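J.: Structure here, sequence nowhere to be found:
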C-alpha cells in the first residue's frame with residue numbers, strides 16, 4: 001500500500017496467511033456502492049478462505065465512503081496515493 005487508483009483497507013497482515021493458500025483478488029458488486037476488490041486467503045490450519053484486505057476503486061468510492069466501510073469492518077485504512 002498505497003495504490004494510485006485504489007483506497008485500501010487491511011483487515012489482517014499478509015504474513016498471517018498460508019502462502020500456498022492465498023487467493024487472488026476477486027471483484028463483486030456491493031450494496032454500498034460500485035465495485036469492491038476483495039483480497040482473500042487461507043489462514044494456516046483452516047479450510048475456508050477469509051478476507052485479508054479490501055481495495056476501493058477511486059472511480060466508484062470517495063475517500064470518506066471507503067474509510068467508513070473500512071472502519072465498519074475494523075480495518076486499517078489507507079487512502080489512494082496522491083500523484
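T.: Structure's in. What do you need? Keep in mind the model is a prediction, meaning the values are calculated, not measured.
J.: Can you find the helix or strand of the protein with the lowest average pLDDT?
T.: Of all the helices and strands that make up the chain, the one with the lowest confidence by mean pLDDT, DSSP states H and E is strand 26-29; it has a mean of 52.
J.: okay, and for the chain, where does confidence drop off?
T.: For the chain, the stretches with pLDDT under 70 are 1, 21-35, 83.
J.: For it, which segments are assigned as helices?
T.: If you assign secondary structure with DSSP state H, the helices in the chain sit at 63-72.
J.: show me what contacts the residue nearest in space to the middle of it?
T.: Within the chain, one residue has its C-alpha closest to the average C-alpha position: by CA atoms, centre = their mean, that is residue 54, at 1.1 Å. Contacts here follow CB atoms under 8 Å, 6 or more residues apart in numbering; on that basis residue 54 touches 8-9, 11, 36-39, 69-70, 73, 75. Just so you know, the C-beta spots here come from the backbone N, C-alpha and C atoms, and that holds for glycine as well.
J.: in the sheet, who's paired with it?
T.: residue 9, residue 38 (DSSP bridges).
J.: so how far is residue 39 from it?
T.: The span separating residue 54 from residue 39 equals 7 Å under the rule CB to CB, to the nearest Å.
J.: and what of residue 57?
T.: Computed with CB to CB, the distance linking residue 57 and residue 39 is 14 Å.
J.: who's sitting farthest from the centroid in this structure?
T.: In terms of distance from the mean C-alpha position of the chain, residue 45 ranks first, at 22.2 Å (CA atoms, centre = their mean).
J.: any idea how far that one lies from residue 16?
T.: Plainly put, residue 45 is 12 Å away from residue 16 if you go by CB to CB.
J.: Enumerate every residue touching residue 71.
T.: Contact criterion CB under 8 Å, 6+ apart gives residue 77 as the residues in contact with residue 71.
J.: if you set the cut-off to 10 Å instead, what comes out?
T.: The contact partners of residue 71, by CB atoms under 10 Å, 6 or more residues apart in numbering, come to 9, 77.
J.: same question, residue 79
T.: Contacts for residue 79 were tallied using CB under 10 Å, 6+ apart; they are 1-3, 6-8, 56, 58, 63-64, 66-67.
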